[in-house]
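In: Okay, predicted coordinates and the sequence, questions at the end:
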Amino acid sequence: MTVLQNARTSFREGRTSQQEYSGATRLAARILSRIPSEPGTAVGNALTELQSVAPAAAVGVVATSFDPDGPEWNAATDKFTAACKSEGAEVGVSAWTGG
């Protein structure tokens, strides 16, 4: 979520190109795909849903694999953060771009 937040901010402010933004979304999906989840738990199920909404693109594929501003991603993110919070773990994003 941190990679996406910063990539989105930079793109919206015109400091990165569409190609760079798309690359960051592919990177975020690849990172997300490598996080192991424990099925049957609220957090594990929510993580699996996030991973299904943002599938990692195959190596060498240049197309964006998901829409980080789309309703599916937003709903899955909300579900994941709520599941984490219910387990006593707040989800934080570290912003390093913008003002």
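Out: Great, that's in hand. Numbers count the residues shown, from 1 in each chain.
In: Identify the residue nearest Ser33 in space, chain neighbours excluded?
Out: Ala56 (3.8 Å; Cβ to Cβ, 6 or more residues apart in numbering). Every residue, glycine included, has its C-beta placed from N, CA and C.
In: thought that neighbour was touching Arg30?
Out: Yes. Checked against Cβ atoms under 8 Å, the pair Ala56 and Arg30 is within contact range at 4.5 Å.
In: residues near the residue nearest to Ser33, how many?
Out: Ala56 is flanked by 18 other residues according to other Cβ atoms under 10 Å.
In: any idea of the pLDDT on it?
Out: With respect to pLDDT, Ala56 has a value of 87.
In: where's it, which helix or strand?
Out: Secondary structure assigned from DSSP states H and E places Ala56 in neither a helix nor a strand.
In: Next up, the contacts around Ala56.
Out: Ala56 makes contacts with 26, 29-30, 32-33, 65, as judged by Cβ atoms under 8 Å, 6 or more residues apart in numbering.
In: As CSV, the residues you listed with secondary structure would be great.
Out: Formatted as CSV, those follow (DSSP: H, G, I helix; E, B strand; the rest coil):
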residue, secondary structure
Arg26, helix
Ala29, helix
Arg30, helix
Leu32, helix
Ser33, helix
Ser65, coil
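In: want to throw those into TSV with distance to Lys85, pLDDT and neighbour count?
Out: Output for the contacts of Ala56, formatted as TSV (distance: Cβ to Cβ, whole Å; pLDDT from 0 to 100; neighbours: other Cβ atoms under 10 Å):
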residue	distance to Lys85	pLDDT	neighbour count
Arg26	28	89	21
Ala29	23	92	23
Arg30	26	91	16
Leu32	19	93	19
Ser33	23	92	14
Ser65	27	67	19
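In: quick one: stretch 36-46 to chain centroid distance?
Out: For stretch 36-46, the separation from the chain centroid amounts to 16 Å (computed by Cα atoms, centre = their mean, to the nearest Å).
In: Over to stretch 45-61?
Out: So, by Cα atoms, centre = their mean, the centroid of stretch 45-61 is 9 Å from its chain's centroid.
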